[in-house]
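with the sequence up front, the predicted model follows.
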Amino acid sequence: MARHLKLLVQRWSSRVFSVEVDAAPRYFGVREQLRGEPVPPDVFSEVQKQDRCYSLLVCSGDRVTGDRFHWELRDRLQTQLPPGSGLRSMSSFIPDQKGSLLKGYFLQSRAGNSSLIEDILTDLEQRNPVLVCSYSQSEDGQQWTQCLWYQSEENPVRFCVVPSETPKHHPSVLNMINSDVFYSLEEACDVLKQCGDIIPETRSVLGMLPSSLDARRKPDFPVIVIEGLDATGKTTLTESLRDSLGATLLRSPPQCLSAWRGRFDREPPLIRRAFYAVGNYITAEQINQEASKSPVIVDRFWHSTAAYAIATAVTGPVSNLPHEGAEVYRWPGDLLQPSLVILLTLDPEERKRRLRSRGLMKTDEEEELDHNKLFRLRVEEAYRRIGGPACTALDASPSADLVLQQALLLIRAKCHL
Ligand SMILES: Nc1ncnc2c1ncn2[C@@H]1O[C@H](COP(=O)(O)OP(=O)(O)OP(=O)(O)O)[C@@H](O)[C@H]1O
Ligand SMILES: Nc1ccn([C@@H]2O[C@H](COP(=O)(O)O)[C@@H](O)[C@H]2O)c(=O)n1
């Protein structure tokens, strides 16, 4: 077994394992010896006596390969596993230790399916950077134990499975910086550069970057960003503002990246978010050029990139988001800061009505906003928590003309236009 895997297993007892049940993480740990009465953690409470459970943790040293493998693994397992295997997202981490998160899956094998599942897992473990553990119940049904899959036939070292307290931070928060949200162009570019061989389009994207950046340069004219969930009226308002103010209208991601956007939308979060992060810097360069001649209106910018990334990385209620004022909500030091960011807010029912009447195709995240109320609430709250500049909320429910008038009032008050 590779050295880093050995180290990982030696420190098993300091790790917490989390399994997603009904969009909320449940936690358990392992101990070499049980102290006190055995209590089966609730992840196992509905598992039948004859069933076995397995966990698969992705342990690649290279994060691009690891994230892509983790992403593809779900599809592979969903197609190969027999029905009823109860595939769930899982992770393992050391509480409060940044960068300690390992992602993977947890599954349940019904008694009759064991040999099929074991064949799939053996094949996976032999060919891929994945660490598989199996879980079985003691004869009296009181205790679950975990052992490494590759050891299970010979001389298994069994760990007792114990419930674990809910940690202070959602596990994803530990790996969020520079995995989901990038705080410098260099960090985002590093990820894209590593993808050059597997995603050839990356070279064209990087080729669009300006040769130098100056985030401190103060634009001559105001730069106003319009943010909001899909169908809140950003396109309608930005076009009207352009006409009313004689402004230039830009968007992020910029037009020059449109040809490759769909390609990156199919990639796992690490690569997809790096693409959108880089898009903001290309738009920033366009802003710098245009804001020397006229006011600039921007349809989505940094707030969208960070808010969607943060809200997707965590699961469950808004309380699972990083706390208000946390480092993840800061503005990247090397990215141009707009003069004003207006966040369009809209009642969910009215937003749905506008979506239906528009009838365009939706991205996976837009679909998710519709079906998953908690996801929508997390995106909205993340928007509000991002600072430097923070959003100014504007009720987008009145008529398009009234929303325009309100936006103009805000702009005149804050940007002296
Ligand atoms: N104030 C308004 N009142 C009623 N309908 C509106 C208003 N503003 C926009 N709409 C309509 O709502 C729909 C969505 O608006 P729009 O395309 O401007 O939203 P958007 O935020 O740009 O969406 P996306 O982010 O998905 O591109 C459109 O059909 C538009 O005509
Ligand atoms: N600056 C941006 C803009 C967009 N995104 C991502 O795109 C999706 C929404 O884009 P629409 O074209 O549908 O408005 C959304 O899911 C964001 O993930 C971004 O990250 N950064």
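Yes, it's here. Ligands and ions are numbered 1, 2, ... in the order given.

which residues of the stretch 251-400 of the chain fall in strands?
Assigned by DSSP state E, counting those that start in this stretch, the stretch 251-400 of the chain shows strands spanning 296-299, 340-345, 392-395.

how distant is the second one from the center of its chain?
Averaging C-alpha coordinates over strand 340-345 and over its chain gives two centres that are 22 Å apart (Cα atoms, centre = their mean, to the nearest Å).

for that strand, name the packing helices and strands.
Packing partners of strand 340-345 (3 or more Cβ pairs under 8 Å, 6 or more residues apart in numbering; DSSP states H and E): strand 223-227, helix 373-385, strand 392-395, helix 400-415. In short, each C-beta sits where N, CA and C put it, glycine included.

contacts made by the third one with the rest, please.
Going back to what we said before, that points to strand 392-395. In this structure, residues lying in contact with strand 392-395 by Cβ atoms under 8 Å, 6 or more residues apart in numbering are 340-346, 384, 403, 406-407, 410, 414.

okay, the one residue sitting closest to the centre of the chain: pLDDT?
Computing the C-alpha centroid of the chain and ranking residues by Cα atoms, centre = their mean puts Ala313 first, at 3.0 Å. On pLDDT, Ala313 comes in at 95.

dump the residue contacts of it.
Ala313 makes contact with Ser172, Val173, Met176, Asp180, Pro269 under the criterion Cβ under 8 Å, 6+ apart.

with Leu206 instead?
Cys189, Leu192, Lys193, Val278.

7 Å - rerun?
Counting by Cβ atoms under 7 Å, 6 or more residues apart in numbering, Leu206 touches Cys189, Leu192.

any idea which element it lies in?
Using DSSP states H and E, Leu206 sits in helix 201-207.

residues in a beta bridge with Glu224, which ones?
Just to correct that, residue 224 is Ile rather than Glu. Taking DSSP bridges as the rule, Ile224 bridges to Ile297, Leu340.

so it touches Asp299, yeah?
No: using Cβ atoms under 7 Å, Ile224 makes no contact with Asp299, being 10.4 Å away.

how about the CA coordinates for the helix holding Leu206, as CSV?
The C-alpha coordinates for helix 201-207 follow below in CSV (Å, rounded to 0.1, in the frame of the first residue of the first chain):
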residue,chain,number,x,y,z
GLU,A,201,-9.7,23.5,-24.7
THR,A,202,-8.0,24.7,-21.5
ARG,A,203,-5.1,26.1,-23.6
SER,A,204,-7.5,28.3,-25.6
VAL,A,205,-9.1,29.6,-22.3
LEU,A,206,-5.7,30.4,-20.8
GLY,A,207,-4.7,32.1,-24.1
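
any chance of the contacts of strand 392-395 in a markdown table, with pLDDT too?
Supplementary listing: the contacts of strand 392-395 in a markdown table, determined by pLDDT from 0 to 100:
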| residue | pLDDT |
| --- | --- |
| Leu340 | 98 |
| Val341 | 98 |
| Ile342 | 98 |
| Leu343 | 98 |
| Leu344 | 98 |
| Thr345 | 98 |
| Leu346 | 96 |
| Arg384 | 98 |
| Val403 | 98 |
| Gln406 | 98 |
| Ala407 | 98 |
| Leu410 | 98 |
| Lys414 | 94 |
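
from those residues, which is closest to Pro317?
Lowest distance from Pro317 to the contacts of strand 392-395 (Cβ to Cβ) belongs to Arg384, with 15.4 Å.

residue contacts, the closest one?
Here Arg384 is in contact with Cys391 (criterion: Cβ under 7 Å, 6+ apart).

tell me which parts of the chain are close to ligand 2?
Contacts of the chain with ligand 2, taken as Cβ under 6 Å from any ligand atom, map to 230, 252-253, 276, 280, 300-301, 304-305, 308, 363, 365-366.

please identify which pair of those residues lies farthest apart.
Greatest spatial distance in the residues of the chain next to ligand 2: Asn280 and Glu366, 19.7 Å, computed using Cβ to Cβ.

and these two? which has more neighbours close in?
Neighbours were counted for Asn280 and for Glu366 using other Cβ atoms under 10 Å; Asn280 has more, 26 against 14.

any idea how far the more buried one lies from ligand 1?
Using Cβ to the nearest ligand atom, to the nearest Å, Asn280 is found at 16 Å from ligand 1.

pull up the per-residue confidence for that residue.
Asn280 is given a pLDDT of 98.

which stretches in the stretch 51-200 of the chain count as strands?
52-58, 88-93, 102-109, 130-137, 144-148, 159-163.

Serialize those to TSV and add fields for mean neighbour count, mean pLDDT and distance to Arg354.
Formatted as TSV, those follow (neighbours: other Cβ atoms under 10 Å; pLDDT from 0 to 100; distance: least, Cβ to Cβ, whole Å):
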stretch	mean neighbour count	mean pLDDT	distance to Arg354
strand 52-58	22	94	40
strand 88-93	22	96	32
strand 102-109	23	94	36
strand 130-137	21	91	44
strand 144-148	20	89	49
strand 159-163	20	92	45
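
before I go, just wanted to say thanks for your time.
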